[in-house]
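Asker: Got a sequence here, can you model it:
(chains A, B, C and D)
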Number of protein chains: 2
Amino acid sequence: MIDRNALATVLQMGFSRATGPRNIVVETVVAWEGHFSAEELCRSIPQVGRATVYRTLVSLQEEGVICRLMIDGRAPRYLLGGTQHHHHMVCTQCGSVQDIADCGVDDFVDTVAERFGYEPDGHRLEIYGRCASCIGGERVTS
Amino acid sequence: MIDRNALATVLQMGFSRATGPRNIVVETVVAWEGHFSAEELCRSIPQVGRATVYRTLVSLQEEGVICRLMIDGRAPRYLLGGTQHHHHMVCTQCGSVQDIADCGVDDFVDTVAERFGYEPDGHRLEIYGRCASCIGGERVTS
DNA sequence: CACCATATTGAGATAATGTCTCATTAAATC
DNA sequence: GATTTAATGAGACATTATCTCAATATGGTG
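Answerer: Below you'll find the model as predicted:
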């Protein structure tokens, strides 16, 4: 979880004024359980305009406070999580998302990129499947 | 490149009738150089209705004939490519896409999934950066 | 070949999501 | 409190995707 100081820092990044509406958006995002879409966020804080919500989401992505997942359908979903965590395991049944601490993907990426003369500046790894508790909950509930 | 027989097979998959419009869509997709969006495809074959184009794209994805890339903006882009190739390297400058033949990602995915008691059924790896020719073309063209 | 049953199509309505404009509001400073 | 201007937000607009249902075309049958 992001702490209050970091939050205050985030609120200032790239802006020259700290404002109420942006504060509401950031606090809501930080307090959110699990992932959310832009529209869900808008609905949950109707007192803040759509434009501001979208603008703030862009900033939060740029600052690495949240990341963007393309889970299934059309709308991207956002997840609180630092810049370093772009490896996720997504449960296709319950929608839960598990961060994967880096365990060699970065090296793999560098190796592949080098082979092709590529200069990598980012990558995304998402694993889809069913999480342990969805597998476990398979009994028929009478 | 997909051959004619495979194409004929694809055209039958999941359908009970072979039709002209669907044929046009599939042939256009197969002949496409690089990746494309659904709307680009629609524009290039205005004689086929949007609904049919979208329906056919869904079928082609299900059959593994094309895959769906989330490269940058909002609209997904499609790429001719078999079911097995979900590892791509995308040039953020020229937009070219390079398939990465599997070199261990699958094993990595299985290992991680097992650690979390996860039952994986798919994954996606996309590497973003600049390709060799974009790096090479950096000289100022007078 | 003509005919039938129905799978498939497509025009256009509708939905979902995201972007933009610009008059208004309000934060920071003096 | 007056001033400057960053930031907001209502709503128009844009883009992408889905849905409906009457019309059409396909494959099978006699």
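Asker: which stretch of helix or strand covers A:V26?
Answerer: Using DSSP states H and E, A:V26 sits within helix A:20-31.
Asker: so what does that helix touch, helix or strand wise?
Answerer: helix A:4-12, helix A:38-44, helix A:50-62, strand A:77-80 (3 or more CB pairs under 8 Å, 6 or more residues apart in numbering or on different chains; DSSP states H and E). (Each C-beta comes from the backbone N, C-alpha and C, glycine too.)
Asker: which of the residues in that helix are buried?
Answerer: A:P21, A:R22, A:I24, A:V25, A:V26, A:T28, A:V29, A:V30 (16 or more other CB atoms under 10 Å in any protein chain shown).
Asker: what does stretch A:104-115 give?
Answerer: Under 16+ other CB under 10 Å, the buried positions of stretch A:104-115 are A:V105, A:F108, A:V109, A:V112, A:A113.
Asker: which residues touch the first one?
Answerer: Counting by CB atoms under 8 Å, 6 or more residues apart in numbering or on different chains, A:V105 makes contact with A:H87, A:H123, A:L125, B:F108, B:L125.
Asker: bridging residues for the first one?
Answerer: For A:H87, the beta-bridge assignment (DSSP bridges) gives partners A:L125.
Asker: Nearest the geometric middle of chain A, what residue?
Answerer: A:L79 (2.5 Å; CA atoms, centre = their mean).
Asker: Using CSV, list the CA coordinates for whichever strand or helix holds A:P120.
Answerer: For A:P120, the host element (DSSP H and E) is strand A:119-130. Listed in CSV are the C-alpha atoms of strand A:119-130, where the atom choice follows Å, rounded to 0.1, in the frame of the first residue of the first chain:
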residue,chain,number,x,y,z
GLU,A,119,16.4,-1.6,-27.7
PRO,A,120,13.7,-2.5,-25.2
ASP,A,121,12.1,0.0,-23.0
GLY,A,122,9.2,-1.9,-21.5
HIS,A,123,7.4,-5.2,-21.5
ARG,A,124,4.3,-6.8,-20.3
LEU,A,125,3.6,-10.3,-19.1
GLU,A,126,0.2,-11.5,-18.2
ILE,A,127,-0.7,-15.0,-17.3
TYR,A,128,-4.3,-16.1,-17.5
GLY,A,129,-5.8,-19.0,-15.7
ARG,A,130,-7.7,-20.0,-12.6
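Asker: Would you pull up the residue in chain A closest to DNA strand D?
Answerer: A:G49 (2.4 Å; CB to the nearest atom of the strand).
Asker: I figured that residue hits A:P21, correct?
Answerer: Yes - the criterion here is CB atoms under 8 Å, and A:G49 meets it with A:P21 at 7.2 Å.
Asker: just to revisit the earlier point, which ones among the buried residues of helix A:20-31 also lie next to DNA strand D?
Answerer: A:P21, A:R22 (CB under 7 Å from any atom of the strand).
Asker: Let's have the buried residues of helix A:20-31 in a markdown table, adding distance to B:H35 and pLDDT.
Answerer: Below are the buried residues of helix A:20-31 laid out as a markdown table (distance: CB to CB, whole Å; pLDDT from 0 to 100):
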| residue | distance to B:H35 | pLDDT |
| --- | --- | --- |
| A:P21 | 38 | 94 |
| A:R22 | 36 | 94 |
| A:I24 | 39 | 95 |
| A:V25 | 33 | 95 |
| A:V26 | 35 | 94 |
| A:T28 | 36 | 95 |
| A:V29 | 32 | 94 |
| A:V30 | 36 | 91 |
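Asker: closest to B:S59 among the buried residues of helix A:20-31?
Answerer: A:V29 (37.4 Å; CB to CB).
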